[in-house]
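>>> model the structure of this input:
(chains A and B)
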Protein chains: 2
Amino acid sequence: MDVAPSDRTRVRRMPKRGAYDRAAIDAILDAGLLCHVGYVVEGQPYVTPTAHWRDGDYVYWHGSSASRMLRTLVGGVEVCVTVSMLDGLVLARSGFHHSMNYRAVMALGRAELVEGDHKLHALKMFSDRLVPGRWETLRPPTTQELKATTILRLELTEASAKIRTGQPVDDDEDYALPVWAGVLPLSVIAGAPIPDPRLAPGTPLPANIAQFTPEGVT
Amino acid sequence: MDVAPSDRTRVRRMPKRGAYDRAAIDAILDAGLLCHVGYVVEGQPYVTPTAHWRDGDYVYWHGSSASRMLRTLVGGVEVCVTVSMLDGLVLARSGFHHSMNYRAVMALGRAELVEGDHKLHALKMFSDRLVPGRWETLRPPTTQELKATTILRLELTEASAKIRTGQPVDDDEDYALPVWAGVLPLSVIAGAPIPDPRLAPGTPLPANIAQFTPEGVT
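Just a heads-up that it's a prediction; the model follows:
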C-alpha cells in the first residue's frame, strides 16, 4: 500500500531519498524506540521525545494523562510524529559534501484518543514490541493505572520516509585529494541487562530479555 | 550559570527529573549528534531531524538554503530544538511502572541567521565536534557552497534538561513478585570506519577518525 505524498509530506530536498510506500514507512517506525512529537501551544512549537509503537495503520504513543503534550493533543489538534535513526556519519573530501546516513519517517495529522478495551490491547502491543511475551508475566494494570495513562494514535494517511545510505558523493575533481573519506557506521546496541537489586530472590533472567535487540524482532 | 525556567520550559511531569543549570544542558547538547527541530507552517507543526552542535551560549544547525525548515526559520519564527538520547529500557514488575532512561534538552526561542565570517567559523566548529582536526584536512568551501548553506543558531535563554537514570520504581507490594525487573542499557556505538572505494590510493585512516566516539571528546 502506498501513502500518496501530500504537498506537506512530499520530500522536497533530495527527492530521490523520499519513499511513500507503507513497507518502507512501517520498517522505520518498527525499528525505532523513540519518536519526537511536535505540537503547538499558543503559537509555540514543542517537540517531546516519547516511546512509540505501530499497530497496523496507526502509530501509537502514550504517557501520563497530566502531561502537557498529551493534554494538548487530546483536543484533536495538528500533530507531527517523527521517528529517526542515525546510521552513520558520511565523511567527504569537502565540508560541503559531509552528510549523515539515516532513516526517518514524518507523519502528520490529528491524533485520536484510544479508549475502552482497545486501551489494554494497545498497551499489550507496546509491551510486545519491546519484549515479546513480557506482558503476560507482569502484574496486570489496575483501573486507576489505566485511567492515569493516556494513549493516542495517529493514522498513517499523510506520511513519508527519507533514507540515506552509502558513501559520500564528492565533486569529481575532489576524488584525487589525499583526504580520507568514507562512512563511520553508528548503531544502537543493548548492553548486558542490569538486574534490579531488589529482585525477588531466585528470579531468573528470561530468554526474551536476554535476547532483546533495539530494532526489535524482524 | 543557570537558565531560569520559564512557564514554557519548567518540567511539569516528574519535576525531580528537571534541570536548568547550563552544565547539565550543555553536556546533553554536546553528547548528541542529532536534534529535532520543531516549527510551524500554516498551523501545522513539523519536526525535522538534523545535525546540531553547540558553541558557547548557542545551539547551531544548518542545511540547504532551499529546505522548508530553514526557509521558515530564517523568518525569525518560534522554534523548539530538542536533543534526546535513549540510555535504556526500564523494565518494572507492572506495565505502568515501565519507563526509559534518557537525557533530553528542550530549547525554545527564535533562531537567528549566522552570516559573514562567523559562518565559516561555525562550520569549523561543527567539523571539530564530529572529528577534531578534520576541518584543516578538507578542501576549503567555495563561495558558492557557503551561499548554498544556511546556518541558524538559537540562544540558550529558555531551555531545560530532563534526565532519568537508574532502576524501576515499583509499587511496594510488587517487589515480592517473581518478575525479572531491571534496566536494559542502550548506547550508540561506532563500527569500524568503511573507506570510500574511490579513496585516493595510499590514503591512510587518520587517528582522529579511528578514535571517533559518538558522544564526542569529553
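>>> so residue A:43 sits right up against residue B:79, yeah?
No. Applying C-beta atoms under 8 Å as the test, residue A:43 and residue B:79 come out as separate, 11.5 Å apart. Placement of C-beta: from N, CA and C, glycine included.
>>> could you point out the longest strand in chain A?
strand A:78-91 (DSSP state E).
>>> about what we covered before: quick one: which of residue A:43 and residue B:79 has more around it?
Ranked by neighbour count (other C-beta atoms under 10 Å in any protein chain shown), residue A:43 and residue B:79 place residue B:79 first, with 23 against 9.
>>> ok, now how distant is the more buried one from residue A:144?
Distance of residue B:79 to residue A:144, given as C-beta to C-beta, to the nearest Å: 38 Å.
>>> repeat for residue A:161
For residue A:161, the distance to residue A:144 - C-beta to C-beta - is 39 Å.
>>> of the two, who's got more company?
residue A:161 (26 against 9).
>>> the nearest residue to residue A:32 once chain neighbours are set aside pairs with what?
Using C-beta to C-beta, 6 or more residues apart in numbering or on different chains and skipping residues adjacent in sequence, the residue nearest residue A:32 is residue A:83, 4.1 Å away. Taking DSSP bridges as the rule, residue A:83 bridges to residue A:105.
>>> mind checking how far residue A:83 is from residue B:186?
16 Å.
>>> the two: which has the busier surroundings?
residue A:83 (25 against 21).
>>> just to check, that one is in contact with residue A:61?
No. Using C-beta under 8 Å, residue A:83 is not in contact with residue A:61; the gap is 10.3 Å.
>>> overlap in contacts, these two.
Taking C-beta atoms under 8 Å, 6 or more residues apart in numbering or on different chains as the contact rule, residue A:83 and residue A:61 both touch A:35, A:52.
>>> residue ranges with poor pLDDT in chain A?
For chain A, residues meeting the criterion pLDDT under 70 lie at A:1-5, A:12-15, A:217-218.
>>> is it true that residue A:181 touches residue A:94?
No. Using C-beta under 8 Å, residue A:181 is not in contact with residue A:94; the gap is 9.5 Å.
>>> okay, the angle between the longest helix along chain A and strand B:78-91?
In chain A, with assignment by DSSP state H, the single longest helix is helix A:117-130. Between helix A:117-130 and strand B:78-91, the angle comes out at 80 degrees (axes from the mean of the first three to the mean of the last three C-alpha atoms, to 10 degrees).
>>> tell me what helix A:117-130 is packed against?
strand A:44-55, strand A:58-64, strand A:149-155 (3 or more C-beta pairs under 8 Å, 6 or more residues apart in numbering or on different chains; DSSP states H and E).
>>> picking up where we left off before, what residues do residue A:181 and residue A:94 have in common as contacts?
Joint contacts of residue A:181 and residue A:94 (C-beta under 8 Å, 6+ apart) are residue A:170.
>>> more neighbours, those two?
A direct count of neighbours by other C-beta under 10 Å for residue A:181 and residue A:94 places residue A:181 higher, at 26 against 19.
>>> across the sheet, point out what pairs with the closest residue to residue A:126 other than its chain neighbours.
Of all residues not flanking residue A:126 in the chain, residue A:53 sits nearest, at 4.7 Å (C-beta to C-beta, 6+ apart). Per DSSP bridges, the residues bridged to residue A:53 are residue A:60.
>>> please report how far residue A:53 lies from chain B.
Separation of residue A:53 from chain B (C-beta to the nearest C-beta, to the nearest Å) stands at 12 Å.
>>> could you give the number of residues near that residue?
Number of residues near residue A:53 (other C-beta under 10 Å) recorded here: 24.
>>> columns distance to residue B:66 on top of the helices and strands packed on helix A:117-130, output as CSV?
Shown next, in CSV, are the helices and strands packed on helix A:117-130 (distance: least, C-beta to C-beta, whole Å):
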stretch, distance to residue B:66
strand A:44-55, 21
strand A:58-64, 29
strand A:149-155, 28
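>>> for residue A:9, find the nearest of these.
Comparison of these against residue A:9 by C-beta to C-beta identifies strand A:149-155 as nearest, at 12.7 Å.
>>> C-alpha coordinates for that closest one, PDB please?
This file holds the C-alpha atoms of strand A:149-155, laid out as PDB (Å, rounded to 0.1, in the frame of the first residue of the first chain):
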ATOM      1  CA  THR A 149      -2.500   6.700  31.300                       C
ATOM      2  CA  THR A 150      -3.400   8.500  28.100                       C
ATOM      3  CA  ILE A 151      -2.900   6.700  24.800                       C
ATOM      4  CA  LEU A 152      -3.000   8.400  21.500                       C
ATOM      5  CA  ARG A 153      -2.700   7.200  17.900                       C
ATOM      6  CA  LEU A 154      -2.200   8.800  14.500                       C
ATOM      7  CA  GLU A 155      -3.400   7.100  11.300                       C
END
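>>> and that strand, how far out from the chain's middle?
Computed by C-alpha atoms, centre = their mean, to the nearest Å, the separation of strand A:149-155 from the middle of its chain amounts to 14 Å.
>>> can you list the strands that that strand pairs with?
strand A:58-64 (antiparallel), strand A:112-113 (antiparallel).
>>> give me the contacts around the last one.
In this case it means strand A:112-113. Residues contacting strand A:112-113 (C-beta under 8 Å, 6+ apart): A:74, A:76, A:150, A:151, A:152, A:153, A:154, A:155.
>>> just to revisit the earlier point, make TSV out of the strands paired with strand A:149-155 and add mean neighbour count and distance to residue A:193.
Listed next are the strands paired with strand A:149-155 as TSV, based on neighbours: other C-beta atoms under 10 Å in any protein chain shown; distance: least, C-beta to C-beta, whole Å:
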stretch	mean neighbour count	distance to residue A:193
strand A:58-64	22	24
strand A:112-113	14	34
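>>> want to throw those into TSV with distance to residue B:6?
Below are the strands paired with strand A:149-155 laid out as TSV (distance: least, C-beta to C-beta, whole Å):
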stretch	distance to residue B:6
strand A:58-64	21
strand A:112-113	29
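>>> so what's the nearest residue to residue A:137 once chain neighbours are set aside up against?
In space, and not counting its chain neighbours, residue A:137 is closest to residue B:179: 5.6 Å by C-beta to C-beta, 6+ apart. Listed by C-beta under 8 Å, 6+ apart, the contact partners of residue B:179 are A:137, A:138, A:139, A:200, A:203, B:93.
>>> residues near residue A:7, how many?
7.
>>> name the SS class of it, please.
Following DSSP: H, G, I helix; E, B strand; the rest coil, residue A:7 is assigned to coil.
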